[in-house]
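# turn this into a model:
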Amino acid sequence: MSEKVGTCQYEGCKREPLPDSKYCICHEKSDDKDIEAFNREIEKIMQNKDVEFYDFRGFYFPESFDFEVIYRYLEDRTFDKGVNFEKAIFYSVDFERAKFLKNSNFSFAIFQRSVNFKKAIFDGETHFDGATFQGMTYFTGAEFQLAYFKGAIFSKKVEFINAKFKRVNFENAFFQKEADFEVAIFKDVTFFERAEFQEKANFRHTKFWVVSFGESKFWGESHFEDAEFQETIFEFVIFDQDTSFRRAEFQEETYFSNVTITGNINFMDTIFKKRVDFRDCRTVEKINFNFYRTEFHDELLLTIIEGQPLLNFRNTRFSDKIWIGAKTDLKNAIFHFSRTELVDFTDAIFPEKIYEERLLEKKFHGQLEKDEKEYCPESWQEVSTIYRKLKQAHQKYGDYAKAGEFFYREMECKKKSYREEQEWHWNRVWLWFYKILCGYGERVKNIVGCSAFIVFLCSFFYYLSGISRIGEGVIKFSFESGFSLKEFGYSIYYSIVTFTSLGYGDIHPLGWSHVIASIEVILGVFFMSLFVVVFVRKMSR
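Here you go, the predicted model:
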């Protein structure tokens, strides 16, 4: 036996190995080892007052081990020295209400069953880097000064409910089951960068100071309802399932740039008090990107480079520093009751008809689906108001061509609102003529078309009623001579010079042609003036 003294194969261990084993009683990975002998080794460590820290590195704690063996040497479960459980293996752990006054190290430890750190206090630097938690894990009510869980693996549900962290690092942590941080408080810098949440992540009522979730992956539902954030980073994050930030409050700058969203995301009643960046988001069809009653007190930058989500800005409070653009597809965007006139939509992509108008059309055709009813406006007047605000927004930022398109749709919806009243109305008749004549002042081609129609129609009547040309005599259609293309050409020529008020004098009207010419010259002056007004306005834009 003396030949084996100091030959335990665990690095740095000088204990005598067990018979027929390379390891001592502390490092032997067996639940059948002599628990009494193991306890005696634990007692030796706890009784040694000359060491700077309690060294349990690589220890294997069998199922039969009772943590009271450790606590009987501590006052009120308080470790007044540092503890080192690096690479230790535990069957189950009970450190409930334990106090670690110095540094504690659980790096790469393996916890095979339940882990209980409820209301534990870690006053020093604490390391759980690379630790593996194979059973249910409870840090409920625990308090940390400086904690590291980098690369830790949680195979079962883990609870940090009501936990308090001054500074903590969960970089590359892997949560295979539910991670519950409800009501937790993060008082200083917090890192969840590249962390992965396989199932539900719960951060309800959590308070963050400075937190980064950069490149994290949320594969299950994520809940941040009523959470409070200071400076926040969610850049390059994946939200695979439904995510809720409802009633959350962001006090400082917030970054959601380059996020990938494949489930519904809810910012209903959320408040952003400083700049928020949603640039270069990627989404899929049919998801709900909900900003209902959201308040943006400062700058918003939103661009969606992939997907056509349902962007719900209903009742949203915008500041005058909002930018939604850069090829963002707003085919399914809702702006009902929001201050859209303040938004910069430069380079955003709008459909011919906004989502609310398409919904109302489906409603009147009895094709409205159940999940669309909550977004459908009550009347055409409401849709007309949305178009008016969109027109004002584009006028504000110099896109007059797009503003003209929204004005056209505004007048269309206003016309439909009169029809909705099911009563005869002068405004309804006027808008009908207004559209035919010049497309509500936005369609030059309408003026040209109407003018050409009047010219051709009057030329037809001139040919029937008769006109006289110097050197040619009377030009008039008769059944004896039949139709003459040359004479009809003179009728068209006379109609054009009459419409434009040129009046060369080489042709003059006969009979009823006087009446036709009088009417045409009035219409000509009107349409020429209308053309100049509409054309100059569009060109000046």
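
# C-alpha only now, for contacts and for neighbours.
Fine.

# ends of stretch 106-114, how far apart?
Across stretch 106-114, the terminal residues are separated by 15 Å (C-alpha to C-alpha, to the nearest Å).

# and it, what's buried?
Across stretch 106-114, burial judged by 16 or more other C-alpha atoms under 10 Å covers 106-114.

# and for stretch 314-325?
Buried residues in stretch 314-325, counted by 16+ other C-alpha under 10 Å: 314-320, 322-325.

# mind checking which helix or strand the spatially most central residue of the chain is in?
The centroid of the chain falls nearest to Phe289 when counting by C-alpha atoms, centre = their mean (5.1 Å). Using DSSP states H and E, Phe289 sits in strand 288-290.

# who are the packing partners of the helix or strand just after that strand?
Of the helices and strands lying after strand 288-290 in sequence (DSSP H and E), the nearest is strand 295-296. Secondary-structure packing of strand 295-296 (3 or more C-alpha pairs under 8 Å, 6 or more residues apart in numbering; DSSP states H and E): strand 271-272.

# against which helices or strands is the strand it packs on packed?
Packed next to strand 271-272, using 3+ C-alpha pairs under 8 Å, 6+ apart, are strand 249-250, strand 295-296.

# what's the first helix or strand after the last one?
Going back to what we said before, that points to strand 295-296. strand 300-306.

# got the CA coordinates for that following strand in CSV?
In CSV, the C-alpha atoms belonging to strand 300-306 read as follows (Å, rounded to 0.1, in the frame of the first residue of the first chain):
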residue,chain,number,x,y,z
LEU,A,300,-37.2,54.7,-34.7
LEU,A,301,-35.3,53.0,-37.5
LEU,A,302,-37.2,50.1,-39.1
THR,A,303,-36.3,48.2,-42.3
ILE,A,304,-37.4,44.7,-43.2
ILE,A,305,-35.3,43.2,-45.9
GLU,A,306,-37.1,39.9,-46.1
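
# wait, what's in contact with the residue lying closest to Ala163 once chain neighbours are set aside?
Nearest residue to Ala163, sequence neighbours excluded (C-alpha to C-alpha, 6 or more residues apart in numbering): Gly141, at 4.3 Å. Contact analysis of Gly141 by C-alpha atoms under 8 Å, 6 or more residues apart in numbering lists 118-120, 160-164.

# which SS state does Gly141 fall under?
coil (DSSP: H, G, I helix; E, B strand; the rest coil).

# what sits up against the host helix or strand of Ala401?
Assigned by DSSP H and E, Ala401 falls within helix 400-420. Contact partners of helix 400-420, identified using C-alpha under 8 Å, 6+ apart, comprise 353, 379-381, 383-388, 390-395, 425, 427-428, 431-432, 439-440, 442, 538, 541.

# over to stretch 98-106?
So stretch 98-106 is in contact with 76-88, 117, 119-129, 131, going by C-alpha under 8 Å, 6+ apart.

# buried ones in it?
Buried residues in stretch 98-106 (16+ other C-alpha under 10 Å): 98-106.

# which of those residues fall in strands?
Cross-referencing these against strands under DSSP state E gives 99-100, 104-105.

# between these, which sits nearest Cys13?
Asn105 (17.5 Å; C-alpha to C-alpha).

# so Ile447 is in contact with Phe531, correct?
Yes - if you go by C-alpha atoms under 8 Å, Ile447 and Phe531 touch, sitting 6.3 Å apart.
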